[in-house]
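In: Here is a sequence with its predicted model. Questions after.
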Amino acid sequence: RKEVEQDPGPFNVPEGATVAFNCTYSNSASQSFFWYRQDCRKEPKLLMSVYSSGNEDGRFTAQLNRASQYISLLIRDSKLSDSATYLCVVSFKAAGNKLTFGGGTRVLVKP
Amino acid sequence: NAGVTQTPKFQVLKTGQSMTLQCAQDMNHNSMYWYRQDPGMGLRLIYYSASEGTTDKGEVPNGYNVSRLNKREFSLRLESAAPSQTSVYFCASSEEVGGADTQYFGPGTRLTVL
């Protein structure tokens, strides 16, 4: 079983709609959680960290469910520019806090 | 600031050839990383360097060597390239290993081994 699993998609989303997707992680000792965004043939960039109480950054909302070992990302009022691959990233102390990446969820926002 | 830079951007090698991928950062970060990204696999850590003068193996170190030349530069060497090493290679840096620290990535090197 992969340490961090994501639905690869693609999620085809009409412009202006809301889309949400999850990521599951296998190690219950995981301590830090992030969403990174990767555009086609570009490098990953940090979108947002995920905090225990959940957090928002503009149209993006991230949630953490430690009991079920998943994190989620919700995008409201989708823009064409939100089309990208979203990478779920987890780290835990026993691995020296190194980051473990999921395979990514591809989102395509269409007019 | 250029951030994290990588050279070359593209490379084609024949099986058995060697090459070094270069990475440099100008953010005065202590930690640097090398990842490979393959379709559907996510990024996998090859080697990392928590500080100048130290290097450690990541998840997939076989077939690679690294050098942390100074605080700015971290190079990845393929001594005898194999087709299985065809991938996109990303270098990254951060202030410290892990925690809530952001990693900043270079633009990547697309390597094909024939």
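Out: Looks like it came in fine. Note that this is a predicted model, so its numbers are computed, not measured.
In: Give me the residues contacting stretch B:48-59.
Out: Identification of contacts with stretch B:48-59 by C-beta atoms under 8 Å, 6 or more residues apart in numbering or on different chains yields A:96, A:98, B:30-35, B:44-47, B:66-68, B:70-71, B:74, B:96-97. Any C-beta I mention is one placed from the backbone N, CA and C, and that applies to glycine too.
In: So which bits of that stretch are buried?
Out: Using 16 or more other C-beta atoms under 10 Å in any protein chain shown as the burial criterion, the residues of stretch B:48-59 that qualify are B:48, B:49, B:50, B:55, B:58.
In: Chain A contacts on chain B?
Out: Within chain B, the positions near chain A by C-beta under 8 Å from any C-beta of the partner chain are B:35, B:40-45, B:48, B:50, B:56, B:58, B:90, B:97-100, B:102-103, B:105-108.
In: What about those residues, which are in strands?
Out: Among the residues of chain B next to chain A, the ones falling in strands (DSSP state E) are B:35, B:42, B:43, B:44, B:45, B:48, B:56, B:90, B:105.
In: re the thing from before, going through the contacts of stretch B:48-59, which ones are buried?
Out: A:98, B:30-35, B:44-47, B:66, B:68, B:71, B:74, B:97.
In: okay, and for chain B, where does confidence drop off?
Out: By pLDDT under 70, the weakly predicted segments of chain B are B:96-101.
In: Mind listing residues that contact the helix or strand bottoming out on mean pLDDT in chain A?
Out: Taking mean pLDDT, DSSP states H and E as the measure, chain A has strand A:99-101 as its least confident helix or strand, at a mean of 87. Identification of contacts with strand A:99-101 by C-beta under 8 Å, 6+ apart yields A:3-4, A:25, A:34, A:36, A:44, A:87-91, B:35, B:42-45, B:98, B:103.
In: show me what contacts residue A:27?
Out: With C-beta under 8 Å, 6+ apart, residue A:27 has these contacts: A:3, A:90, A:92.
In: Run a quick neighbour tally on the last one.
Out: Residues near residue A:92, counting by other C-beta atoms under 10 Å in any protein chain shown, number 20.
In: Can you pull up the most central residue in chain B?
Out: residue B:34 (2.7 Å; C-alpha atoms, centre = their mean).
In: how much space is there between that one and chain A?
Out: According to C-beta to the nearest C-beta, to the nearest Å, residue B:34 and chain A sit 12 Å apart.
In: that older thread, among the ones in strands among the residues of chain B next to chain A, pick out the one closest to residue B:15, please.
Out: residue B:44 (21.4 Å; C-beta to C-beta).
In: List the neighbours of the helix or strand residue A:22 falls within that are in contact with it.
Out: Here residue A:22 sits within strand A:19-25, counting by DSSP states H and E. Identification of contacts with strand A:19-25 by C-beta under 8 Å, 6+ apart yields A:3-7, A:9, A:11, A:13, A:33, A:68-75, A:78, A:86, A:88, A:90, A:100, A:102, A:105, A:107.
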